[in-house]
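>>> sequence unknown, structure follows:
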């Protein structure tokens, strides 16, 4: 059990650091103000699938909080949404055999189905509703921001996240690949 907690802490720390660095370095603006294409969610997805929902949540929550603190100040509705995104994506950990080197077309479809639903839920519903309730933001503004962010994140995770998972799976030893001489 101790080994698992060490892995969780290390994965969370590295993941949160990567989340911050990627979000600060790669930030592609969209046509909607304060909304950009973000690649850190692909890395968060990878870590969520490998280490599970707790690491997925913490990477997004801590990483987004640190990134916001380094830029314009914490925006808690979106910070929480980043965490929830990782939590949801991490729920597929036990349905995939990626750590055994297996990531089939069926697995890619499952992963992308879950991440698309998660992106649309957290950015299209949770973040905008919290923006309205907590920050008294105008509904039309935050729903447009959320839907554009959710769509952009779904596409970037579908492309970059899937590539990361395929590459990671190829680095793992398949359980049936070794034979006894």
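Arrived safely. Everything numeric here is computed off the predicted structure, so don't read it as measured data.
>>> Following the chain onward from the biggest helix by length in the chain, which element is next?
For the chain, the longest helix by residue count, based on DSSP state H, is helix 2-25. Next along the chain after helix 2-25, taking DSSP states H and E as the criterion, comes strand 27-29.
>>> just checking, what packs against the longest helix of the chain?
helix 40-51, helix 53-70 (3 or more C-beta pairs under 8 Å, 6 or more residues apart in numbering; DSSP states H and E). C-beta here means a position set from N, CA and C on the backbone, and glycine is covered the same way.
>>> out of those, nearest to residue 17?
helix 53-70 (7.6 Å; C-beta to C-beta).
>>> Could you measure from residue 74 over to residue 164?
Separation of residue 74 from residue 164 (C-beta to C-beta, to the nearest Å): 27 Å.
>>> higher neighbour count, the two?
Ranked by neighbour count (other C-beta atoms under 10 Å), residue 74 and residue 164 place residue 164 first, with 18 against 14.
>>> Do I have it right that the more buried one meets residue 47?
No. Counting by C-beta atoms under 8 Å, residue 164 does not reach residue 47; the two are 9.5 Å apart.
>>> Contact partners for residue 153?
37-38, 41, 85, 119, 123 (C-beta atoms under 8 Å, 6 or more residues apart in numbering).
>>> What strand or helix carries it?
helix 139-156.
>>> Quick one: residues in contact with stretch 120-128.
77-78, 80-82, 84-85, 88, 137, 139, 142-143, 145-147, 149-151, 153-154.
>>> which parts of it are buried?
Neighbour counts over stretch 120-128 (16 or more other C-beta atoms under 10 Å) mark 120-124, 126-128 as buried.
>>> mind listing what residue 166 touches?
103, 108.
>>> That one belongs to a helix, doesn't it?
Yes. Counting by DSSP: H, G, I helix; E, B strand; the rest coil, residue 166 is located in a helix.
>>> Low-confidence stretches in this structure?
When residues are selected by pLDDT under 70, those of the chain lie in 1-3, 174-181.
>>> Can you tell me the SS state at residue 73?
coil.
>>> Please state the backbone phi and psi of it?
Per-residue torsions, residue 73: phi 100, psi 150 (degrees, to the nearest 10).
>>> what's the neighbour count on it?
7.
>>> repeat for the one 5 residues further on
A count of neighbours around residue 78, defined by other C-beta under 10 Å, yields 25.
>>> Take the buried residues of stretch 120-128 and lay them out in TSV including secondary structure and distance to residue 52.
Compiled in TSV, these are given as follows (DSSP: H, G, I helix; E, B strand; the rest coil; distance: C-beta to C-beta, whole Å):
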residue	secondary structure	distance to residue 52
120	helix	22
121	helix	19
122	helix	18
123	helix	22
124	helix	24
126	helix	20
127	helix	23
128	helix	27
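>>> Go through the helices and strands packed on helix 2-25 and pick out the most buried.
Most buried of these by mean neighbour count (mean count of other C-beta atoms under 10 Å) is helix 40-51; its value is a mean of 27.
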